[in-house]
Every structure is written in structure tokens, then in C-alpha cells.
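**Student:** Here's a sequence, model it:
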Amino acid sequence: MCIVFVAFWPSPEAGQNSGYRLVLASNRDEEFGRPAKCAHAWNDGSGVVAGMDMTPGKEGGTWIGVNERNGRFGVITNVRQSLADIRPDARGRGCLVADFLRSEQTPLEYCTMLSERAAEFNAFNILLGDMSTGCLCYYGNRTGESPRSLAPGIYGLSNAFLDTPWKKVVAGKECFSSLLQTARVDGMAEDELQQRLFGLLSDKTKHWPDPLMQADDLPEEWLRDLSSVCVGCDSVAYGTRAKSIIVVTDDNQMLFKETAMQSPIQPGQEPVWQTSEFRFPVPESHPERSARL
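**Tutor:** Below is the predicted model:
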């Protein structure tokens with residue numbers, strides 16, 4: 001399970017002069033035994049800043065990241081499937097965000113390319129954006145729908161499709177929206193906004209029972225544990241391993257901040273959490289890139 005809340009306002013007017021063009025908050029939930037690197041600037045010259053999956057055979061993938069040179073960002077979640085529907089021979093999904101961040105394609109172009117290869121992957125959702133052009137796109141390869149550019153607004157996403165009203169998504173989205181409204185009205189300082197976003201991502205309130213989250217192949221005890229924004233399934237060494245925020249201000253300054261468990265995570269021991277923070281300007285759009293939106 002993973003979860004994403006995003007407020008997208010490509011212009012100050014769209015955001016009702018909130019001070020922000022983008023606010024994104026996301027949790028990565030994963031097995032504690034899966035090796036990964038915390039967020040860092042990749043050393044391949046691409047400008048990518050992200051965590052990195054280090055699972056043998058899948059090294060180099062990521063779940064959320066940005067490109068410090070061009071204002072691009074992306075985040076991916078799996079879509080819950082029955083165990084019988086998961087293909088062990090499917091291509092890894094972790095490469096999708098990383099490949100977009102390195103590419104020259106617009107978010108819509110990249111999502112359209114993915115839609116032509118949808119059957120190669122197990123189920124996923126992907127949100128891709130370019131803040132230099134003010135574009136945000138969503139694609140789910142099991143929705144049966146084409147990729148779409150998103151209008152300004154506030155969205156919630158977990159392991160069903162965009163804005164599917166799982167109780168934890170609805171509750172988290174309401175809290176997220178209220179927080180941003182308070183920030184707009186009261187002129188909340190950035191430090192406080194960060195603190196409250198990470199507070200939302202740390203909320204362990206169980207939103208159970210939830211008929212939309214029911215699954216015949218998972219015990220109810222697990223589903224109950226999965227029904228919170230911040231997940232902890234200690235009995236199976238699974239839960240929220242990384243909490244990330246991406247913020248772009250009206251004056252085009254991007255913040256990417258992550259708090260994540262360091263690998264390896266030792267069974268029965270308290271994890272070591274590492275905080276990484278990156279700041280950089282979002283460049284102005286090139287005319288040829290804007291024309292391709």
C-alpha cells in the first residue's frame with residue numbers, strides 16, 4: 001500500500017494566491033526486507049533526485065522523485081490485484097518514474113507511450129508532472145481509460161484508481177485540504193506547513209471497516225492495519241518506510257524532502273530514520289515544450 005495527496009495549482013490565480021503551485025505528500029509502504037537507498041542526487045548526470053530500489057534484478061527503480069534541472073516530478077503506486085492476477089514475468093514498474101524524469105517527453109506524451117505498453121506491467125497508477133510548463137497527468141494501466149491531464153485541484157490516490165473513495169483516502173484528503181486552506185488564510189510559515197504535512201503522513205488512525213478495501217485473499221487483520229494513512233503491519237514486517245513531500249512555491253522554488261528508514265532494517269529493532277532535503281529553482285518553460293502539452 002502507498003498513498004498520495006496532491007494539490008495542483010499551475011498559476012497563482014488557480015491556487016487562490018495560496019503561495020503554492022504544487023503541494024504533494026506521499027507515503028511509500030513496502031516490505032522491510034526490500035533493500036533501498038534513501039533520497040539522493042543520482043550520479044548518472046541526469047539531474048534525478050530520488051530514492052532507489054536496490055532489489056537484485058530491479059536495481060535503479062524508484063517510487064517518487066524529481067529532476068532538479070527542469071521541475072519534473074513523478075510518483076507511482078501499485079494497484080491492488082488478487083494474487084492469482086499478479087504476473088511474475090511482468091516488467092518492473094520501478095523504472096517508470098525514473099525513465100520519465102530522464103526523458104524529454106511531456107507528461108502526457110510519456111503516459112500515452114505507457115498506455116501502448118500497458119499489458120507489459122502489473123497494475124499501477126502514475127502521476128507525472130512538469131512544473132516548468134504547469135502540467136500534471138494521471139494514468140492507470142487497469143482503468144481502461146486513456147491518460148489524462150488533470151485540472152487544477154486536490155486529488156487523492158492509494159492502491160485503487162485516482163480519487164477512489166477508500167475511507168483513508170477520503171479522510172486524508174479532507175485533512176490535507178483543510179491544512180492547505182489554513183495555510184492560505186493564515187499565511188502559514190513553510191516550516192509549519194512541512195511539519196503538518198509530515199504529521200498527516202504519520203497518522204495511524206484505522207479507517208476500518210471499509211467495504212471498498214475488502215479483499216478475499218487477505219486476512220481482515222492485515223486489511224485493518226492497511227486502512228491507515230501511515231501503515232504498520234509488524235507481524236509481516238511491512239509498513240510505511242518513506243514519507244515524502246514536494247512543494248513548489250508561486251515564485252518557482254521546488255522543495256523535495258523525505259524521511260525514510262535506512263536499509264537494512266533489522267527485525268525486532270527500531271529503524272533508523274534519515275531525513276533528506278533538496279531545494280532548487282524551477283526553470284521557465286521553453287516554447288517548444290509548452291507547445292507539446
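**Student:** For the rest of this, base every contact and every neighbour count on C-alpha atoms.
**Tutor:** Fine.
**Student:** Next, count neighbours for the closest residue to Asn78 other than its chain neighbours.
**Tutor:** Once flanking residues are discounted, Asn78 sits nearest to Phe124: 4.3 Å by CA to CA, 6 or more residues apart in numbering. Residue neighbour count, defined by other CA atoms under 10 Å, stands at 21 for Phe124.
**Student:** Let me see the ranges of the helices in this structure.
**Tutor:** Counting by DSSP state H, the chain has helices at residues 95-102, 107-115, 167-186, 190-201, 220-226, 287-291.
**Student:** and the third one, how far out from the chain's middle?
**Tutor:** Right, helix 167-186. Chain-centre distance of helix 167-186: 17 Å, with CA atoms, centre = their mean, to the nearest Å.
**Student:** And the fourth one, by the same measure?
**Tutor:** Put simply, helix 190-201 sits 16 Å off its chain's centre (CA atoms, centre = their mean).
**Student:** same for it, what does it pack against?
**Tutor:** For helix 190-201, the elements it packs on are strand 20-31, helix 167-186, strand 238-249, judged by 3 or more CA pairs under 8 Å, 6 or more residues apart in numbering; DSSP states H and E.
**Student:** tell me the angle of the last one relative to strand 20-31?
**Tutor:** What that stands for is strand 238-249. Counting by axes from the mean of the first three to the mean of the last three CA atoms, to 10 degrees, strand 238-249 lies at 170 degrees to strand 20-31.
**Student:** returning to that earlier point: any chance of the helices and strands packed on helix 190-201 in CSV with mean neighbour count and distance to Val79 as columns?
**Tutor:** Output for the helices and strands packed on helix 190-201, formatted as CSV (neighbours: other CA atoms under 10 Å; distance: least, CA to CA, whole Å):
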stretch, mean neighbour count, distance to Val79
strand 20-31, 23, 13
helix 167-186, 18, 14
strand 238-249, 23, 16
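**Student:** closest one to Ser227 among the ones you listed?
**Tutor:** helix 167-186 (6.0 Å; CA to CA).
**Student:** Give me the contact list for the closest one.
**Tutor:** By CA atoms under 8 Å, 6 or more residues apart in numbering, the residues outside helix 167-186 that reach it are 3, 5, 17-19, 154-158, 163, 188-189, 193, 196-197, 200, 206-208, 210, 227-229.
**Student:** Now that helix: average pLDDT?
**Tutor:** The average pLDDT within helix 167-186 is 95.
**Student:** send the alpha carbons of that helix over as CSV?
**Tutor:** Taking C-alpha atoms only, helix 167-186 is exported to CSV below (Å, rounded to 0.1, in the frame of the first residue of the first chain):
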residue,chain,number,x,y,z
LYS,A,167,-12.0,5.8,3.8
LYS,A,168,-8.4,6.5,4.4
VAL,A,169,-8.1,8.4,1.2
VAL,A,170,-11.2,10.5,1.9
ALA,A,171,-10.1,11.2,5.5
GLY,A,172,-6.6,12.1,4.5
LYS,A,173,-7.7,14.3,1.6
GLU,A,174,-10.1,16.2,3.9
CYS,A,175,-7.2,16.8,6.4
PHE,A,176,-4.9,17.7,3.5
SER,A,177,-7.4,20.2,2.1
SER,A,178,-8.1,21.7,5.5
LEU,A,179,-4.4,22.1,6.1
LEU,A,180,-3.9,24.0,2.8
GLN,A,181,-6.9,26.2,3.4
THR,A,182,-5.5,27.1,6.8
ALA,A,183,-2.1,27.8,5.2
ARG,A,184,-3.8,30.1,2.6
VAL,A,185,-5.9,32.0,5.1
ASP,A,186,-3.4,32.3,7.9
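**Student:** So for the protein, which residue is the most central one in space?
**Tutor:** A centroid search over the chain (CA atoms, centre = their mean) returns Val75, at 3.8 Å, as the residue closest to the centre.
**Student:** how about that residue, what does it touch?
**Tutor:** Val75 neighbours (CA under 8 Å, 6+ apart): 63-65, 97, 126-128.
**Student:** What score does it have for pLDDT?
**Tutor:** On the pLDDT scale, Val75 is placed at 98.
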